[in-house]
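> turn this into a structure:
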Amino acid sequence: MKIVKNHFITHKFGGSSLADANRFKAVKQILSGKKEIIVVSAIKGTTSTLQHSLDIAREGDNYLPDLKVLEDRHIALINTLISKNSKNLLKSITEDFEFIHNILNTVKTIRSYATEIQNFVLGFGEIWSAKILNAYLNLYGNSEYLDASSILYSYVENEVVCIDWEKSYAELVQFVNNKDFDQLVVTGFIAKTLSGQRTILGRNGSDYSGAIFAKLFKAKCLYIWTDVDGIYTAHPQKVKSAFVIEQLSYKEAHELAYFGASVLYPMTVLPVESENIPLYIKNSFNPTAKGTYISQESIITPYMIKGITYVSDIALINIEGAGLIGVAGTAARIFQILKDINVSVILISQASSEHSICFAINNRKMDLAVKTLQEQLHMQISGNLVGKITANPDCSIVAAVGEEMIGAIGVAGKICDTLAKANVNIRAIAQGSSERNISVVINNSDINKALQALHAGFYLSSKTLSIGLIGPGAIGKTLLKQISDELEHLKTKYQVNLCVRGIMDSQHMLLENTAINLNKWEENLKKSKDAANMTQFTQHILSDDVPNAVIIDCTASLEISKKYLDFAKKGINIITPNKHASGGSTLEFYQELKSTVRENNCQYLYEATVCAGLPIINTISDLIKTGDEITAIEGVVSGTLSYIFSELAIGRKFSDVVTDAKKLGYTEPDPREDLSGKDIGRKLICLAREIGYDVSLNEIEIVNLVPPSLRKCTQEEFMTRLTQCDASMHEMVEEANKNDKKLRYVASIKADKTFSVAIQSYAKDHPFNRLRGTDNMLIIHSKRYCNNQPIIIQGPGAGAEVTAAGVFADLLRLSASI
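Residues are numbered from 1 along each chain as shown. So this is what the prediction gives:
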């Protein structure tokens, strides 16, 4: 047989694909039986067991039980797959185990083993799996066995395993000469040194073997069969929404493999790339899945990047000093020092000032690198030319990879912005001249957040918010219904995933690692055995799996509003219709909250604190941001009081109107909460503070509609004695009618910087007298919108639907900003 270009297809099967007899049978089903080179790893767990046995023997302990289990496993596999003509194979494997036993016995005696012994022992696993598969395939066809260590020459240069291609090819030609086979089963992982000793190809050497033999046989293509569907856009265990990349270029595959794409070993790409041999990554457990195709060309996709990968256990070394500035050869000397001690530099970053240079290396080499640099640069350090050499061992590198990044404007900016919004600090950044890889160094603790944020930020998955809702009362319940109704639409059209992961009332909480089923949350919350616990609830919402967290407070609780500082310090966004933090707290608390939110790069959104879902807060904010100056505000900002005064205007009694409003659900359970004016006062403070006034509740003149005699009685007594207010209210209405005016309960910020909540009378053509039912209205006077043309905002100002909609709008505003 001669080696002819594109004659063979090469397959490589990993250990999980050969875990037991059923997997061997599945491998046979995958194969065609014709023109195939089949490179195999050891049966799953074999290499680690052999290594463990070596280590046990070195410690002087009993290695026999583990070795016996491994031998029995292989013998059982042979007996299951090859019932006949297996005598010679069984004898061969039994002799191998006896030989290993003798080696281990020697190791146990001398309490040591050399690397050559280790390499020799570890290579047996591939020999056994290849022999077993070859014997099994020969039951159905014409298969041949090849021990790669008989023809494959390797050597190590700068800690990299290299192949002597010329000698190996010559040996292979000699091997296939006068051979006739349809399938050739080859041992992965093992080779021989230039002096002829059996050795191994190192970590993931079996994949490398597959690529090596694809090149040697000038194969049509190479299939690497694993236990996943291909190369994913991100690590699927860290980014649940990651998906398989259908096609990559060799260059993209290099970048992804180097930075930790676990299904592809970096060295695997080189041999097939040199011969332009297409490479497929496929799943032996799901062989019909398309997998990932790797070739010379990259396909155009809708995404700017193909994938996000990472490598952890990185140390970032930083060298600073005036002696680095403008001195030729300084960087070269630093890296020569590292080369001399076999420390590989993974990433380099230097500012144009040249005052400092930082680089990333493997954590294991950090102490050696720092110690050697300090020794070798001793003169520069003592002469203050090099200030200090520092190391941070708790780092990871995250890399965004893709051909579409080349020449694209704003990719680095988007990466930095996305990570900033997820509260991830970048310690160093680097981009190669090819522009297909941008890498950033971050803290190990931020790796999950970073991967999630970047994956969503580049539209490889939906932007996910981890949501915790406190207070599933009327507003909270309605909000959850609104979110549930729009969830799929938001995912499909806007790639926004609103993931409600926690709901808490005053007694219980419902927590889920994924999304809570919003169709059954009430039932599940009642069944929940988890008692309400704010610390546990907060920690759950602040998940490593979702980079952006938000707590929505739908209560009217002062105590919960006091927790906002704790939320913000943890980087949790806050959305609420609760007025206490913005309008009821002390000025010092409000200012500290705003400051903490800024410092921790999170958001505090409270549109629904004033006039439910009407766009009040954002309108005022936009005016101020664009340079306008608010001069005065007057508004009917309570739906309850709007209804009451609208009904009074048509001649109804005050007591009857309040009673009806309570029945209709417009008032608080105790109507005095509304009639006291304090709630409106808090809303006025929200507006005043938004404009920039430092004001507290005690500075506002509030007209309390509840007479002093009814303020301390029970709720029932108050409702009974409410008729006592009818006469005085009727008198006020009549007085206004005489002057052709109507009464309204109005919150005002006047041009002279005074604040009031009081009953005011207005001409019938005034905008306030257009109000009906529970409508609210705010009139904003500014330098731009002055005289007779102020901004008027009118709409429903009460009710769970519109208030929940205001909160929902803030939630979507937050998702857009991340």
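> give me the low-pLDDT residue ranges for this protein?
259-262, 302, 322-328, 352-354, 433, 459-461, 544-545 (pLDDT under 70).
> in it, where's the longest helix?
Secondary structure of the chain per DSSP state H: the longest helix is helix 87-110.
> which helices and strands does it pack with?
Judged by 3 or more C-beta pairs under 8 Å, 6 or more residues apart in numbering; DSSP states H and E, helix 87-110 is in contact with helix 46-58, helix 64-81, helix 115-122, helix 124-138. (Glycine included, C-beta is placed from N, CA and C.)
> nearest to F654, of those helices?
Across these, F654 has its closest neighbour in helix 46-58 (83.0 Å, C-beta to C-beta).
> between that closest one and helix 115-122, how many degrees?
For helix 46-58 against helix 115-122, the angle by axes from the mean of the first three to the mean of the last three C-alpha atoms, to 10 degrees is 130 degrees.
> and the angle from helix 46-58 to helix 64-81?
Going by the same axes, to 10 degrees, helix 46-58 makes 150 degrees with helix 64-81.
> what's downstream of the helix or strand that contains E717, the next helix or strand?
Using DSSP states H and E, E717 falls within helix 715-721. For helix 715-721, the following helix or strand on the C-terminal side (DSSP H and E) is helix 726-738.
> give me the contact list for that next one.
L648, A649, G651, K653, F654, S655, K742, L743, I759, S761 (C-beta atoms under 8 Å, 6 or more residues apart in numbering).
> in stretch 483-493, what counts as buried?
I483, S484, E486, L487, L490, K491 (16 or more other C-beta atoms under 10 Å).
> residues in contact with that stretch?
By C-beta under 8 Å, 6+ apart, stretch 483-493 touches S462, V496, N497, L498, V500, L518, N519, F808, L811, L812.
> list buried residues within those residues.
Looks like these have S462, V496, N497, L498, V500, L518, F808, L811 buried, using 16+ other C-beta under 10 Å.
> which SS class is the last one?
Three states are possible here, and by DSSP: H, G, I helix; E, B strand; the rest coil the one that applies to L811 is helix.
> who's in contact with it?
L465, I467, I483, L498, V550, I552, I575.
> now tabulate these in a markdown table and tack on distance to E157 and secondary structure.
Below are the contacts of L811 laid out as a markdown table (distance: C-beta to C-beta, whole Å; DSSP: H, G, I helix; E, B strand; the rest coil):
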| residue | distance to E157 | secondary structure |
| --- | --- | --- |
| L465 | 50 | strand |
| I467 | 54 | strand |
| I483 | 59 | helix |
| L498 | 54 | strand |
| V550 | 53 | strand |
| I552 | 59 | strand |
| I575 | 59 | strand |
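> so which bits of the helix or strand hosting I759 are buried?
Element membership for I759, per DSSP H and E: strand 755-763. Under the neighbour-count criterion of 16+ other C-beta under 10 Å, strand 755-763 has F755, S756, V757, I759, Q760, S761, Y762 buried.
> go on, stretch 11-25?
H11, K12, F13, G14, G15, S16, S17, L18, A19, A21, R23, F24.
> max pairwise distance over those: which two?
Longest span within these, C-beta to C-beta: K12 and A21, 20.2 Å.
> now the strands: where do they sit in the stretch 101-250 of the chain?
143-146, 153-157, 160-163, 183-187, 190-193, 198-200, 222-226, 247-249 (DSSP state E, counting those that start in this stretch).
> tell me which of these sits nearest to A130.
strand 183-187 (4.5 Å).
> list the strands paired with the closest one, with their directions.
strand 36-40 (parallel), strand 143-146 (parallel) (DSSP bridges).
> tabulate the ones you listed (TSV), appending mean neighbour count and distance to I792.
Formatted as TSV, those follow (neighbours: other C-beta atoms under 10 Å; distance: least, C-beta to C-beta, whole Å):
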stretch	mean neighbour count	distance to I792
strand 36-40	27	77
strand 143-146	20	86
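> want to throw those into JSON lines with distance to H455?
Below are these laid out as JSON lines (distance: least, C-beta to C-beta, whole Å):
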{"stretch": "strand 36-40", "distance to H455": "33"}
{"stretch": "strand 143-146", "distance to H455": "42"}
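> closest one to D674 among those?
Here strand 36-40 is closest among the strands paired with strand 183-187 (C-beta to C-beta), at 77.7 Å.
> figure out how far that closest one is from the centre of its chain.
38 Å (C-alpha atoms, centre = their mean, to the nearest Å).
> before we move on, what about stretch 588-605?
For stretch 588-605, the distance to the chain centre is 24 Å (C-alpha atoms, centre = their mean).
> repeat for stretch 750-762
So, by C-alpha atoms, centre = their mean, the centroid of stretch 750-762 is 50 Å from its chain's centroid.
> how about stretch 122-137?
Distance, centroid of stretch 122-137 to centroid of chain: 41 Å (C-alpha atoms, centre = their mean).
> in the helix holding E717, which residues are buried?
F718, M719.
> quick one: contacts of that helix?
By C-beta under 8 Å, 6+ apart, helix 715-721 touches T659, K662, P669, D670, P671, R672, V706, L710, C713.
> what is the nearest of the buried residues of stretch 483-493 to D180?
Nearest member of the buried residues of stretch 483-493 to D180, counting by C-beta to C-beta, is K491, at 57.3 Å.
> assumed that closest one was part of a helix.
Yes. Assignment of K491 by three-state DSSP places it within a helix.
> alright, that wraps it up for me.
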